[in-house]
Each structure stands twice: as structure tokens, then as C-alpha cells.
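Colleague: coords please:
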Amino acid sequence: MSDREPLHPTRRRIHAAALRLFAQSGATQLSISELAAAAGVARGTVYSHLADQPSLLEDVASHLIEEMSSRLELCFAGLEDPAMRLAVGVRHYVQRAHAEPDWGRFILRFGYTSGPLQRLWTGGPGVDLRHGMQTGRYAVRRGQARALLGMAVGGVLSAMGAVLEGEATWRAAGSDTAELLLAALGLGRKEAREIASAPLPPLPSVD
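Modeller: Coordinates of the predicted model:
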């Protein structure tokens with residue numbers, strides 16, 4: 001779990017406004033004026049809470065990663081099966097995109113280009129993938145790990161996009177994506193379907 005200090009409430013408000021603006025516009029830089037207006041604070045307040053405004057995108061992405069990773073870590077307590085952890089993680093990402101559309105759009109826009117967001121995929125999911133390969137849970141070769149991780153990332157982003165565009169429910173998109181990924185990793189279709197449709201444990205808060 002991250003040991004980074006919690007954001008000051010005002011800075012958290014500014015970060016939330018920045019995430020919303022980044023997600024909606026796709027821009028990588030924001031002006032102090034538009035950020036202050038979106039956050040409902042004075043320009044001077046923005047200046048005092050942002051040490052390095054040009055790096056705001058990366059800072060917002062870093063906090064997003066740490067917050068979601070910490071919540072999933074708590075959610076995974078007692079879950080040792082890498083296949084179950086993968087399915088739960090996939091479904092929670094898709095569910096959260098439904099519940100918090102700006103959060104989902106931020107990941108869709110910057111998931112492949114932001115350094116911190118790229119670490120989102122290679123951290124916990126990458127570790128679980130390698131563990132599943134090492135223990136024989138997944139019937140894939142070691143050299144295929146990178147391709148499989150890319151397939152997983154693409155599948156999750158595609159499912160999130162389908163939900164945000166109203167083309168699928170988060171339950172269907174999340175479970176279908178998890179099932180197909182597990183089948184690609186070597187699980188039988190029946191087991192993959194059962195794991196992907198098992199009751200979803202709640203995503204704990206870290207506030």
C-alpha cells in the first residue's frame with residue numbers, strides 16, 4: 001500500500017477538477033484560470049497548492065494509480081488465485097468507469113501515453129500475471145507475458161469505452177472481458193465463465 005501522504009482537501013479538490021478537465025478535453029496542460037474556475041477556488045489558491053503546474057497531469061495520474069492500487073490491494077485480501085484476482089480487478093475497473101465516467105475517460109485518454117498510468121498496468125496486474133505463469137495456473141510461455149499484458153490492457157480499455165459509450169452494461173462488459181482473458185490464459189471456458197461471473201467483492205475505500 002502507498003505511504004504517500006493524503007492530499008490536503010483543497011488540493012484534492014483541485015486534482016478532482018483537473019482530472020475532469022483532462023478527461024473531457026484531452027488536453028495535457030491546463031491554465032490556472034480554467035482550473036480555478038472548475039475547482040471553485042481563487043487563482044492564488046491554485047498557485048499555492050500546485051508546486052509544479054506543468055506536471056499536473058502526471059501528478060493527477062500518479063495519485064489515481066496509488067488510490068486504485070491501494071483499494072484493489074485491500075479488495076484482494078484473502079484472494080490467492082491469480083485468475084480470481086485478475087477477474088476481480090478487470091471487473092472493478094470497468095465498474096468504476098461506469099460509476100465515475102470522468103475517471104474512466106481519463107484512463108482511456110492517457111492510459112497508453114502517461115508514464116504513471118503505464119505503471120498501473122505493469123505493477124499489480126503484471127505481477128499477478130507472472131505469478132500465474134510461474135505457478136502453472138496459466139498455460140502460456142514466459143516469452144508471451146508482454147503480449148498477454150498488452151491484450152489484457154487493451155481488453156480492459158475497450159470494455160471501459162463500451163460502457164462509457166452506452167454500448168454495454170458494466171456487468172456484461174466486465175465479466176465478458178475477464179472470461180475471454182482467462183480463456184486466453186489457458187483456463188477452460190467453463191471455469192473461466194464461473195470465475196468471471198462470481199460475486200464481486202466490494203472495492204474498499206482508502207479515505
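
Colleague: can you map out the helices along this structure?
Modeller: Ranges of helices in the chain, per DSSP state H, are 9-25, 32-39, 43-49, 56-75, 82-99, 101-110, 115-122, 124-134, 145-164, 170-184, 189-196.

Colleague: can I get those in a markdown table with mean pLDDT and distance to residue 206?
Modeller: Heads up, the C-betas are built off the backbone N, CA and C, glycines and all. Shown next, in a markdown table, are the helices of the chain (pLDDT from 0 to 100; distance: least, C-beta to C-beta, whole Å):
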| stretch | mean pLDDT | distance to residue 206 |
| --- | --- | --- |
| helix 9-25 | 89 | 13 |
| helix 32-39 | 88 | 22 |
| helix 43-49 | 82 | 21 |
| helix 56-75 | 88 | 5 |
| helix 82-99 | 96 | 14 |
| helix 101-110 | 93 | 15 |
| helix 115-122 | 64 | 16 |
| helix 124-134 | 82 | 15 |
| helix 145-164 | 91 | 21 |
| helix 170-184 | 97 | 21 |
| helix 189-196 | 98 | 26 |
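
Colleague: quick check: the residue lying farthest from the centre of the chain vs residue 18, distance?
Modeller: Largest separation from the mean C-alpha position in the chain: residue 44, at 31.7 Å (C-alpha atoms, centre = their mean). Remark: distance between residue 44 and residue 18 (C-beta to C-beta, to the nearest Å) = 17 Å.

Colleague: what does residue 157 give?
Modeller: 21 Å.

Colleague: the two - which one has more neighbours?
Modeller: Using other C-beta atoms under 10 Å as the criterion, residue 157 and residue 18 rank with residue 18 on top: 23 against 20.

Colleague: roughly how far apart are the nearest residue to residue 187 once chain neighbours are set aside and residue 130?
Modeller: Spatial nearest neighbour of residue 187, excluding adjacent residues (C-beta to C-beta, 6 or more residues apart in numbering): residue 83 at 6.2 Å. Applying C-beta to C-beta, the value for residue 83 to residue 130 is 14 Å.

Colleague: more crowded one of the two?
Modeller: Neighbour comparison, residue 83 and residue 130: the larger count goes to residue 83, with 22 against 15 (by other C-beta under 10 Å).

Colleague: so which residue is dead centre in this structure?
Modeller: residue 93 (5.4 Å).

Colleague: next, residue 77: phi, psi?
Modeller: Main-chain torsions, residue 77, degrees, to the nearest 10: phi -60, psi 120.

Colleague: and for it, the neighbour number?
Modeller: With other C-beta under 10 Å as criterion, residue 77 counts 8.

Colleague: any idea of the pLDDT on it?
Modeller: At residue 77, the model reports a pLDDT of 92.

Colleague: cool, and the one 4 residues further on?
Modeller: Reading off the confidence values, residue 81 has pLDDT 95.

Colleague: if we can go back for a sec, quick one: the residue nearest to residue 187 from residue 93, how far?
Modeller: 16 Å.

Colleague: okay then, goodbye and thanks.
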